[in-house]
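Undergrad: Predicted coordinates and the sequence they were generated for:
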Amino acid sequence: MEEYVFGPVISRRLGQSLGVDPIPQKTCNWNCIYCQLGRTTPLTNERAEYIPAEEVVSQVVKAVESTGIGNIDWITFSGSGEPTLHTRLGWMIRKVKESIDLPVAVLTNGSLLFLPEVREALAAADAVLPNLDAGSEELFRKINRPHPEFTFQRQVEGLVAFRKEYEGLLWIEVVLVSGLNDTEEALRDLAAVIRRIGPDQVHLNLPTRPPVESWVEPAAEEGLLRARAILGGVARVVHDVEGTHDLGGYADVVEAVLEIISRHPMSEKELERTLEAWFPGEIDQALSQLEASGKAYIVERYGVRFWTGSTATYPDAIPDEPDRSGTEQ
């Protein structure tokens, strides 16, 4: 049976987050330059019930029972695509909340919030975390590379409309890319849009997991300081957290790892740390099995080796048997 639930994984913003993936791999209407899951090929803007909603909810309930409610901070609809493309997302959120006493978050690019039915679907969530990486049409297209049907104006109008209706926590995520949206001009444009929206918080993130485009660099400390100064008190920097991801509930170590890295790539050190916690003394054997499976490969960014699922498309990397002779910096 295919798994639509993964983790819990360590989230920079949500603690121990049980991930829910209601969308097939890279079913998305954006092709962001910093995406950790590779290129979107092809872009799609079709809303459908891609995965049976009842099966998704059933797996969430079973995962919580197996993991223990005390070991999970949030249930998070995110995964490997844009979750609002699923036409029954609202039904799944409500059913999960009826069944489990845990808060529900949704990670979304926010592209479909201009649709009343999407805003209604997200109304039941305790927190919604949309992207807003630009304050202008030009940067929106450079960074997010959206489906041709989208405009920056539609993106902003959807976020403004949602804020007026939504009673939960609205946390906007800004991914700061060096030389693009970390300049004073770009940040002042962004600040003007954020004031129109009025989110509860703005989370400043860096593309520290492997961005799809090898030329993407995270903003430097100067850019982060500039962003905090211009965006004001509502903004906070979200730092990476260390720890181990949950590999429990799987009979096979390769299956356990693949369920996570296909949606949440891990650096080799992070993967080794996680394997040592769950399968002590079996790190080399587990990595060898992962290599041999043909379902994972290594992408190098910033001198760091990241393990990702073989279905991810990186333009400068070929899913081939990785060479593990190198050392992560």
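TA: Done, it's in. A quick note: this is a predicted structure, and the numbers were derived from the prediction, not measured. Numbering: from 1, shown residues only.
Undergrad: Buried residues in stretch 8-27, which are they?
TA: Judged by neighbour count using 16 or more other C-beta atoms under 10 Å, the buried positions of stretch 8-27 are 8-14, 16-27. Heads up, the C-betas are built off the backbone N, CA and C, glycines and all.
Undergrad: Convert the C-alpha atoms of it to PDB, please.
TA: Only the C-alpha atoms of stretch 8-27 are listed here, as PDB (Å, rounded to 0.1, in the frame of the first residue of the first chain):
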ATOM      1  CA  PRO A   8       7.100  12.800  12.200                       C
ATOM      2  CA  VAL A   9       9.900  14.900  10.800                       C
ATOM      3  CA  ILE A  10      11.600  17.800  12.600                       C
ATOM      4  CA  SER A  11      10.100  21.000  11.300                       C
ATOM      5  CA  ARG A  12      11.800  24.400  11.700                       C
ATOM      6  CA  ARG A  13       8.500  26.000  12.500                       C
ATOM      7  CA  LEU A  14       6.200  23.200  13.700                       C
ATOM      8  CA  GLY A  15       8.400  21.000  16.000                       C
ATOM      9  CA  GLN A  16       7.600  17.300  15.500                       C
ATOM     10  CA  SER A  17       5.400  17.400  12.400                       C
ATOM     11  CA  LEU A  18       3.500  14.400  11.100                       C
ATOM     12  CA  GLY A  19       3.500  15.000   7.300                       C
ATOM     13  CA  VAL A  20       0.400  14.300   5.100                       C
ATOM     14  CA  ASP A  21       1.000  14.100   1.400                       C
ATOM     15  CA  PRO A  22      -2.400  14.200  -0.500                       C
ATOM     16  CA  ILE A  23      -0.700  15.000  -3.900                       C
ATOM     17  CA  PRO A  24       1.500  12.800  -6.200                       C
ATOM     18  CA  GLN A  25       5.200  13.700  -6.400                       C
ATOM     19  CA  LYS A  26       5.700  17.300  -7.700                       C
ATOM     20  CA  THR A  27       2.100  17.900  -8.800                       C
END
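Undergrad: So what's the model's average confidence on it?
TA: Mean pLDDT, computed over stretch 8-27, is 86.
Undergrad: where does this structure dip in pLDDT?
TA: Applying pLDDT under 70 to the chain flags the ranges 1-2, 239-251, 316-329.
Undergrad: got the residue ranges for the strands in it?
TA: Applying DSSP state E to the chain gives strands spanning 5-11, 15-20, 74-77, 104-108, 127-130, 169-175, 201-205, 235-237, 266-267, 296-301, 304-309.
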